[in-house]
Structures are given as C-alpha cells and as structure tokens.
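Peer 1: Sequence and predicted structure, then a few things I'm wondering about:
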Amino acid sequence: MWCLLVSMMAWMQGAWAVLPSTQVPDIPVAARRPLDQPQPPPGPGPSAATIDAWQDRKFGMFIHFGLYSLAGGMWNGHRVDNGYSEQILANAPIPPNEYEALAKRFDPVNFDADAIVALAKAAGMKFIVITAKHHDGFNLFQTAQTPYNAVDGTPYHKDIVKQLADACARAGLKFGVYYSTIDWHHPGGNTYIEGNSNPITPAQEAFNVAQLKELLSHYGPIAEIWFDMGKPTSAQSTHFAQTVHVLQPQTMISGRVWNYRGDFAVMGDNGEPDVSVELPWQAPASMFPETWGYRSWQSRTDLPGKIRENITRLVRVVSQGGNYILNIGPEGDGSVVPYEAQVLQGIGAWLQRNGAAIYATRKQPFAALDFGYATVGPHAIYLFVAKMPADHQLHLPGLIDTALGRAYRLGSPGATVEIQHDADGVSIPLDRLPNWPLADAGGSHVDSFMAVVVLPFKGVLHVRPQAIAAARDGRFHLLPAQASHYLNYNGDGYEDPATLYKLAWQLDANASNYVLTVSYTPLPQHTQMDLWVDGQRYPLNLTGAVADNQNIASQTTRVHRDRNAHPYGMQLELTPHSPFEQGSRLPVTIHSIELSPTR
C-alpha cells in the first residue's frame, strides 16, 4: 500500500502539469474494486456511481462521419472494397493532396443534430458518440491546432461536434466523442501501417493532448471518449488518460487508449467476449461488417432481418453485462441513410415494449440457457425467448431459496402462470401462459420477436452455480480448462491478444478444510500469486525454477471452506498478488490444482 501511495503522489505531480497555471483542483480518485479484481490506474477517474450509470445505459449510437462520407466508398469512379470506407484514404490509396481537396466540397447542409438525437431516442438509445477526428486527421470540431476542420477549412463553417453536444444536452442524452490517436494528416504520422498500429511521435502526442484539452473544455460534460487505434507507449496512453481525467474525472475512457489505461474494455469491431468479463465493457457494432463510414454501393436488403439481428446482438451483449453501441454512417451531405434509420426505428419499437428488460439490468446469473438469454433487475429476472424449447418449459437451473412470484409476459402483468419447482431449479410452463404461443411465433413481426417473460422475486436472488463434483473420496483434480477465464483486454494495440488474469472454479465441496496443491510452470525467479477460497485470500510464494530446469513446480497450503460467504458452492480463484492493476497477468502457467479433504 505504501508503494501504491508513492506512485499516486508521483502521478498527481505529473497530472497537475497538464492543467492551466491556476490553483490545483480537488480531483476525485477513481473508484476501487474488490481485491480479486484489477484495480484502475492511480489518480482521478470515474466514481462508482458514474460507472453504474454508464452500465445502466446499455444502448447507444455511434456516428462515423467525415470527409470519407463524401467519397462514399468510391474513388475516380471505382469502388474501393479492400477495407472500411472511412479509411479510403489509405485503402484506395489516394494521394493526400487529392483527399484533402474533399474539404473544399464538405458542406453537409442536411446534417440535423436535433433530428439525429430524436432518431437515437426513438431507437431507445441513451447516448451518442461521434467521430470528432478519425484516422484521416480531419476534425469535425473547431480546433486551434490545425485549420483542417469543419469550421475553418470547409464551406460549411460550422462545428458539428458542438451542434450534436448541444442537441444531446437539450434532449437529455449523454454525449461522447471518438478520437483517433493516429492522424495520417499530421507531419510524421501520415503513413498507413498495416493494422493501424502507427507509433505516436512526440509531436503528435503533444498535438493530441492539445486537442483533448479543447474537447474536454468546450463541449460540456463528455460521458465517454472513444480512443481508437495507434500503438502508443505506456507513457503516452497514461498521458492521454490523465489529460482527460484531470479535466473531467467522470469521463469514461475507452480501452483503446491502450496499455490498460481505459475505464471500460472494448471488444474488437463487431466482436463479443466468449469468456467471463467482470469489468465494464462495450461491444461496438456496425450495420454491415464491411464498413462504418458511408458506402454508397452497400447492399441494404432484408430490413426485418437486420432489425432482428441487432435486437439479438443487443440482448446477447446486455445478458453478458456489456453495453452495445450501434453505428450509423451519414451520407456526405449529412443526411442519415434511410435504411439505417428504419433499422433503428425497428429496434426502438421492440424496446418500447421490452426496454425494462434491458436498461439498468445486470448480466444473467446462469451459465447458459437452452431457450435464449436473461438479465436481472432489482426485483425481476427477465427471460428472452430466442427459441421455443421442445417441452415449452423455460428451465432456470440453480434458481433456489428465492421468493418468486408468478411469471408473465413483459407488458402483460395481468396474465400470469405459476412456476414449477424441481431439484435443479424452477421451470416456467409457457404452454400454460395465457396468450402463448404468440400468434406470430416465427418472429417476423417485431412485437413477437424475442419475447420477454418476467419472473418477479423478493429479497435476494440465489442461483446455485454449476459446480464440479468431487471424486468418491472427496478429492478434486482441477484443470484450467474447467475454470472460468477472466482476461485483460486492450493492451499495447489492436492486434495484442487478451491476457489471462484470473482462473475461477466452482466446487461442490462438502468438507470444511482441504489441503490444496497448485502445480505450475515456474519462472526463473520467485514470484507471488493469490489464492482465494470463498473470498478469503491465501498469498502464495511460488518458488522459481531450480538448476535442473524442472518443468513443473508445486505449492501446498491449507484452506477453509466458508459456507456463510458462499453457501451453494465453494469458490476458488487464482489471481496476481493483490492489489494488482489492470493489465496484470496471472504470473505463471497453471497445470492443475489438487484438493484433499482434512479433518
């Protein structure tokens, strides 16, 4: 803790340097997390209330708009299909002076910030994020750092970011900005590198920081800032994050600031996690996987299917505990593509009926459900029926010791059905639920697609986890493949793979005391790791490799089962030595864990 305090003091001295020469403000420190989770970087950052509010929003609008929107995926009369259309400058490729000439024609007279905000609200979206600056270096806001912006360098002469920020404020939506740390227009940074993994030059770092100060100072509260791409050093990522948090500590920073300096993790483009995630996270999605910016020749067919696709993605992301941000790419004149508006309106029609199952909920407590997905509100479980089980029963495994009410379809609380209890949990007989099955069971109509069943509860919700059974003699032999894997996202660039920081097992353990042995691949030197059993920490001092270059070492300790903390299964975790920061890895490769009951 003394080391942490010293590092925080050193950080604050550096952070104050980005402020104007005025009195140092009282800057709140970021909310801490349980010690078996990664801690945020030291210094100012969002409070627990801010993080909760951010997670409550669930659904937002991304807007990719810029000079590339004028090109629309075309150059010199030819389609450019080798990459996203917003990166046409690099993909075509286009001589920089010819691309820059687009600014002289950039006059998006049909850009209507209030209409876009109204569309977002009709879609059920709670926030908007717009590309203040993309990789091409063109700025949608007025900046003193370069005339290459919508106000000073185009016939439009208006600040698009300001218009949208003000429209969001009037309508009560949260507002955020996308900011590319790479800039192909900036001297020394204008060379495309595969994967957009451009290093950030010192001059470009200073340029970025100056622009971040402008964005965080002149556009009101910024709910989130969506950094993207590039390959900054750890010190540069820290510099960018500090600049934001000193000016607006409650701004949520995307993980693509890199080097684990974000406030929320970002999945890959159109990606979702396939493992456990316990930190705030967001899934960015485009209408079509081929592009984010406007593409004039994009095939836009099967409108009902596209609506259902995005409702399903929204539900899937929210059921895993994430936020879903769906992109639109306006045309060069600023108008919204009619197809994209219709998709959003279709999602909004579904949310009009089912929004209570999405907003301000948390991830499902079940490992998997054969019929679809679930979320949890303060007093109800929401069940999304993606496919009808053959027996017409919604099985909820492990749901026990909870005061449950009668189930009903969301929006129809007067038509209920009694649930059925069994040894494994509870079931809801849909064949006994009034007005079910729905008239349009195929789901071609938005009102019947992904119907939601509500199961009210009182008090605390108890779900028994799927637990590993002991051998006949009460022993356990645990392998990493049986564990839940928790990963660090957003390391030193887009292509940097996620890394493991936690393994967690649930055990059907009957004894109170065990001898536990961890087998691992040793490092050359001694290291530390923490073992957690039912919330109790057991520090492990792991020996290093010996002279004969052994491949496997082991560490043994005695542990105690705490049924008061975890009555339905023994929870066992391995993490880095706590407290550990975001990006810390499990220090060694685990081979197995052996537990033997003792008296």
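Peer 2: All right, it came through fine.

Peer 1: can we go C-alpha only for contacts and neighbour counts from here?
Peer 2: Fine.

Peer 1: got a list of what the closest residue to residue 521 other than its chain neighbours touches?
Peer 2: Sequence neighbours aside, residue 552 is the residue nearest to residue 521 in space, at 4.8 Å (criterion: CA to CA, 6 or more residues apart in numbering). For residue 552, the contact set (CA atoms under 8 Å, 6 or more residues apart in numbering) comprises 519, 520, 521, 522.

Peer 1: pLDDT added to these, as a markdown table?
Peer 2: Putting the contacts of residue 552 into a markdown table (pLDDT from 0 to 100) gives the following:
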| residue | pLDDT |
| --- | --- |
| 519 | 96 |
| 520 | 96 |
| 521 | 94 |
| 522 | 92 |
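
Peer 1: now, which of these sits nearest residue 432?
Peer 2: residue 519 (52.2 Å; CA to CA).

Peer 1: In three-state terms, how would that closest one be classified?
Peer 2: Under DSSP: H, G, I helix; E, B strand; the rest coil, the three-state class of residue 519 is strand.

Peer 1: neighbour-wise, which of the contacts of residue 552 leads?
Peer 2: residue 522 (23 neighbours; other CA atoms under 10 Å).

Peer 1: For the nearest residue to residue 565 once chain neighbours are set aside, give its distance to residue 504.
Peer 2: With sequence-adjacent residues excluded and distances taken as CA to CA, 6+ apart, residue 565 is closest to residue 534, at 6.1 Å. Separation of residue 534 from residue 504 (CA to CA, to the nearest Å) stands at 11 Å.

Peer 1: Pull up the overlap in contacts between these two.
Peer 2: Common neighbours of residue 534 and residue 504 (CA under 8 Å, 6+ apart) are 571, 572.

Peer 1: and residue 70, what does it touch?
Peer 2: Residues in contact with residue 70 (CA under 8 Å, 6+ apart) are 102, 106, 331, 332, 333.

Peer 1: Quickly name whichever of those residues is closest to residue 174.
Peer 2: Closest to residue 174, out of all of the contacts of residue 70 and judged by CA to CA, is residue 331, at 23.5 Å.

Peer 1: Reformat the contacts of residue 552 as TSV; add distance to residue 160.
Peer 2: Listed next are the contacts of residue 552 as TSV, based on distance: CA to CA, whole Å:
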residue	distance to residue 160
519	58
520	55
521	55
522	56
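
Peer 1: Determine which two of the residues you listed are furthest apart.
Peer 2: Longest span within the contacts of residue 552, CA to CA: 519 and 522, 9.1 Å.

Peer 1: any residues in contact with both of these two?
Peer 2: Residues within reach of residue 519 and of residue 522 at once, by CA under 8 Å, 6+ apart, are 552, 553.

Peer 1: still on that earlier bit, would you mind giving me the PyMOL syntax to select the buried ones in the contacts of residue 70?
Peer 2: Buried members of those, defined by 16 or more other CA atoms under 10 Å, are picked up in PyMOL with:
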select buried, resi 102+106+331+332
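
Peer 1: now, which of the contacts of residue 70 lie within strands?
Peer 2: Among the contacts of residue 70, none falls in strands (DSSP state E).

Peer 1: And the one helix or strand residue 117 maps to, what does it pack against?
Peer 2: Here residue 117, judged by DSSP states H and E, is contained in helix 113-122. Packed against helix 113-122, as judged by 3 or more CA pairs under 8 Å, 6 or more residues apart in numbering; DSSP states H and E, are the following elements: strand 127-133, helix 160-171, helix 338-354.

Peer 1: For it, buried residues please.
Peer 2: For helix 113-122, by 16+ other CA under 10 Å, it's 113, 114, 116, 117, 118, 119, 120, 121, 122.

Peer 1: any idea how far the first one is from residue 334?
Peer 2: The one in question is residue 113. According to CA to CA, residue 113 stands 9 Å off from residue 334.

Peer 1: ok, now the third one?
Peer 2: Remark: distance between residue 116 and residue 334 (CA to CA) = 10 Å.

Peer 1: Quick check: pLDDT value at residue 231.
Peer 2: We note a pLDDT of 93 for residue 231 in this prediction.

Peer 1: I'd say it and residue 198 touch.
Peer 2: Yes. When contacts are counted by CA atoms under 8 Å, residue 231 is listed as touching residue 198 (5.5 Å).

Peer 1: who's in contact with the closest residue to residue 167 other than its chain neighbours?
Peer 2: Nearest residue to residue 167 in three dimensions, chain neighbours excluded: residue 114, at 5.3 Å (CA to CA, 6+ apart). Residues in contact with residue 114, defined by CA under 8 Å, 6+ apart, are 164, 167, 168.
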